[in-house]
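Q: Mind looking at a prediction? Sequence and model below.
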Amino acid sequence: MLVCYLTDEPSKIPAVRAMLEPQHRVVSRLLGDKATFDADGVLMVDADLREMARVEQIKQALSELRTIAEKIFVVQRHLHQMVAQAYALGATSIVRGTHEIGPKLAQIEVTNRAASANAVKAETVDCAKAFASMFSAVKYGKSINLSEAEGVTSQIITSIEQNGLNAWLDNVRRYHEGTFQHCLLVTGVAVGFALDTGFVDLDVKRLGISATLHDIGKARIPLSILDKPGHLDAGEDAIMKSHPVIGYELLRDIPGISPEILDGVRHHHEYLDGSGYPDALAGEQISDLVRLLTISDIFAALIESRPYRPPMSRQSAYKILCSMDGKLETALINAFRGVALAA
């Protein structure tokens, strides 16, 4: 955590640094200095609030740091008038000495993590609602809103950029199940893969939207098959395997849909050795986007909850990917390792 330490005594700075670093990054500034803090982290004010000149300097500094949410004031003498002055200046909390600073920062970190987790939870709920809306539109014969798919993809990209893939996967698996869980997981994994690989924004978005829409054809698969708590028989399996073509047919006439997205929706179950479906593509017939999407789809399916089995560990799921020699591109599987096994 970044701690912006504002004080009126230079002699205090080494002691605070020794106490907080390296667990926290401390940036110090003396009252009256013209240098400014970054508007981030936690602000700690340690100055004599009985001196009006100091109070005016603090007011000036705080006017530049309105966006910092947490403002801790160190009040060495816990006198009522000094506490009142601190809160009047904008303090969010008071500590009575430097010995209380560490515990207070730890408390703030716990609160921030909880707030971050709640934010991710809210995002997964919103994204699941968007998937439900798209699937419902297909089920009742309405057209798919491409901007809705783009919107949910952008939300997932932003969430993973800010909170990481692990937080996204954990919250999706905790709060959602079934087809929507799978779609949320695949999009998250695909976006995480693209970001980890260093894709430019446009390519991250393109892969993300392909993942968002890759299973839209399942909206036309009977729920008795889609949610069956066990393995499918031959007839049911044939119906299930029709979903890539159904999805392609649903999307191909939508204005603005790109060929790359249509390719991902139709071919995300194709394998390099030609054993996939629906078109038995092989080798160079399979685009790079589809190869990435297929890896993300398989990995997400393995780590999600299914009616007939618990979720697989990420380590075990990655081992299965590695064992699919000839079906998946080895170089991409190697590149995926960091995403799959990130703690």
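A: Right, received. Where do you want to start?

Q: Quick check, pLDDT for the residue lying closest to residue 181 once chain neighbours are set aside.
A: Nearest non-adjacent residue to residue 181, counting by CB to CB, 6 or more residues apart in numbering: residue 304, 5.6 Å away. Just so you know, the C-beta spots here come from the backbone N, C-alpha and C atoms, and that holds for glycine as well. For residue 304, the pLDDT comes out at 87.

Q: how many other residues sit next to residue 304?
A: As a burial measure, residue 304 scores 23 neighbours (other CB atoms under 10 Å).

Q: Could you pull up the residues touching it?
A: 173, 181, 182, 185, 311 (CB atoms under 8 Å, 6 or more residues apart in numbering).

Q: Confidence-wise, which helix or strand of this structure is lowest on average?
A: helix 101-139 (a mean of 76; mean pLDDT, DSSP states H and E).

Q: ok, back up a step: so which of the contacts of residue 304 sit within helices?
A: 173, 181, 182, 185 (DSSP state H).

Q: Settle this for me: residue 46 is touching residue 13, isn't it.
A: No. The criterion here is CB atoms under 8 Å, and residue 46 misses it with residue 13 at 9.4 Å.

Q: Looking at the two, which one has more neighbours?
A: Applying other CB under 10 Å to residue 46 and residue 13 shows that residue 46 carries more neighbours, namely 23 against 16.

Q: Let me know the pLDDT of that one.
A: In this model, residue 46 carries a pLDDT of 89.

Q: What sits closest to it if chain neighbours are left out?
A: Per CB to CB, 6+ apart, closest to residue 46 is residue 74, 4.0 Å.

Q: same check, this time on residue 189
A: residue 296 (4.3 Å).

Q: List the contacts of the residue minimising distance to the centre of the chain.
A: Centroid-nearest residue in the chain, with CA atoms, centre = their mean: residue 160, separated by 2.3 Å. By CB under 8 Å, 6+ apart, residue 160 lies in contact with 168, 188, 191, 192, 195.

Q: How is it assigned, secondary-structure-wise?
A: helix (DSSP: H, G, I helix; E, B strand; the rest coil).

Q: still on that earlier bit, can you mark which positions in the least confident helix or strand of the chain are buried?
A: 101, 104-105, 108, 120-121, 123-124, 127-128, 130-131, 134-135, 137-138 (16 or more other CB atoms under 10 Å).

Q: Domain-wise, how is this protein divided?
A: Per automatic domain parsing, the structural domains of the chain span 2-96, 117-341.

Q: among these, which is the most enclosed?
A: By mean neighbour count, with neighbours taken as mean count of other CB atoms under 10 Å, domain 117-341 ranks first of those at a mean of 18.

Q: hang on, the earlier thing: just want the phi and psi numbers for the residue nearest to residue 46.
A: Main-chain dihedrals, residue 74, degrees, to the nearest 10: phi -90, psi 110.

Q: what do you get for residue 94?
A: phi -120, psi 140.

Q: okay but it is in contact with residue 85, surely?
A: No. Using CB under 8 Å, residue 94 is not in contact with residue 85, being 10.5 Å away.

Q: With respect to residue 318, which of the contacts of residue 160 is nearest?
A: Among the contacts of residue 160, residue 192 lies closest to residue 318 (CB to CB), at 13.5 Å.

Q: So which residues of the stretch 1-150 of the chain form strands?
A: 2-7, 25-30, 42-46, 70-74, 93-95 (DSSP state E, counting those that start in this stretch).

Q: In a markdown table: these, plus distance to residue 325.
A: What follows is the strands of the stretch 1-150 of the chain, written out as a markdown table (distance: least, CB to CB, whole Å):
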| stretch | distance to residue 325 |
| --- | --- |
| strand 2-7 | 46 |
| strand 25-30 | 45 |
| strand 42-46 | 50 |
| strand 70-74 | 52 |
| strand 93-95 | 57 |
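
Q: Nearest to residue 331, out of the ones you listed?
A: strand 25-30 (37.3 Å).

Q: Show me the one of the strands of the stretch 1-150 of the chain that comes nearest residue 266.
A: The nearest among the strands of the stretch 1-150 of the chain, by CB to CB, is strand 2-7 at 47.4 Å.
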